[in-house]
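Enquirer: mind looking at a prediction? Sequence and model below.
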Amino acid sequence: MHPRRSSTTATATGRDRSTDTAIFVGPLVFGMDLLVVVAFALLVLGVVASVLPVIPAGAVSMVGVLTYWWATGRPGPLVLAALLLTGLLALAVDWVAGIVGAKAGGATLRTSVLATAVGMVLFVPAGPIGLVVGIGGTIFALELSRGATREASLRAAGYAVIGVLSSAVIQALLTGSILLAMLAVAYL
């Protein structure tokens, strides 16, 4: 039996679901179970976090899915697995897109890792612009100091910036699809 299920047949809305096992209802917020509200807040935060490099959007979305599952027992195992795999994919994109982009442009792994660190530091005072400028500028400067031509350094920096920006778009699509799927689970 699901950990939050009880043997009653009435839900918080008073609807009788005699064919279903009702869900234990905790504190209500806006007429909904508090955990359901928290789950959807996490799912929305996951989409927003896709453009914030400090917060792992895929992980936040997965916690939202698992919180909803804990509160309701839904979605079923196959949909749950698919949603969690989608969250893992978003997490992987978050971690590797900038480095893959820099490598595709010709930068070394060392340069890519240092650029990511500088971008994260500059994100604190300057936000997303600091992140992009930090990564692009660091890759350009380090590749140039390594003996690469100006054009090669610009190409490596450009690929890294495109990687970071495309990472945000891909994460937004993945976490947005998780949110839409969970809305379908909840309301269809």
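Expert: Perfect, thanks for sending it.

Enquirer: what is the burial count for the residue nearest to residue 68 when sequence neighbours are not counted?
Expert: Nearest non-adjacent residue to residue 68, counting by C-beta to C-beta, 6 or more residues apart in numbering: residue 39, 3.7 Å away. Every residue, glycine included, has its C-beta placed from N, CA and C. As a burial measure, residue 39 scores 24 neighbours (other C-beta atoms under 10 Å).

Enquirer: now do the buried residues in the helix or strand residue 129 falls within.
Expert: Element membership for residue 129, per DSSP states H and E: helix 109-145. For helix 109-145, burial by neighbour count (16 or more other C-beta atoms under 10 Å) applies to 111-112, 114-116, 118-119, 122-123, 128, 130-144.

Enquirer: could you do stretch 81-97 as well?
Expert: Neighbour counts over stretch 81-97 (16+ other C-beta under 10 Å) mark 83, 84, 86, 87, 90, 91, 93, 94, 97 as buried.

Enquirer: can you give me the neighbour number for residue 187?
Expert: Residues contacting residue 187 under the criterion other C-beta under 10 Å number 6.

Enquirer: distance of it relative to residue 40?
Expert: Per C-beta to C-beta, to the nearest Å, residue 187 is found 11 Å from residue 40.

Enquirer: then residue 48?
Expert: 13 Å.

Enquirer: which one's more surrounded, those two?
Expert: residue 40 (18 against 13).

Enquirer: check which helix or strand covers that one.
Expert: Short version, using DSSP H and E: residue 40 is in helix 34-49.

Enquirer: just checking, what packs against that helix?
Expert: For helix 34-49, the packing partners by 3 or more C-beta pairs under 8 Å, 6 or more residues apart in numbering; DSSP states H and E come out as helix 57-72, helix 150-187.

Enquirer: show me what counts as buried in the first one.
Expert: In terms of neighbour count (16+ other C-beta under 10 Å), helix 57-72 has its buried residues at 57-69, 71-72.

Enquirer: which elements pack onto it?
Expert: Counting contacts by 3+ C-beta pairs under 8 Å, 6+ apart, helix 57-72 is packed against helix 34-49, helix 77-104, helix 150-187.

Enquirer: of all those, which one comes closest to residue 28?
Expert: Closest approach to residue 28 among the helices and strands packed on helix 57-72 (C-beta to C-beta): helix 34-49, 7.0 Å.

Enquirer: go through the helices and strands packed on helix 57-72 and find the least confident stretch.
Expert: Lowest mean pLDDT within these: helix 77-104, a mean of 91.

Enquirer: now do stretch 94-102: everything it contacts.
Expert: 53, 56-58, 109, 111-113, 115-116, 119, 135, 139, 156-157, 159-164, 166-167, 170-171 (C-beta atoms under 8 Å, 6 or more residues apart in numbering).
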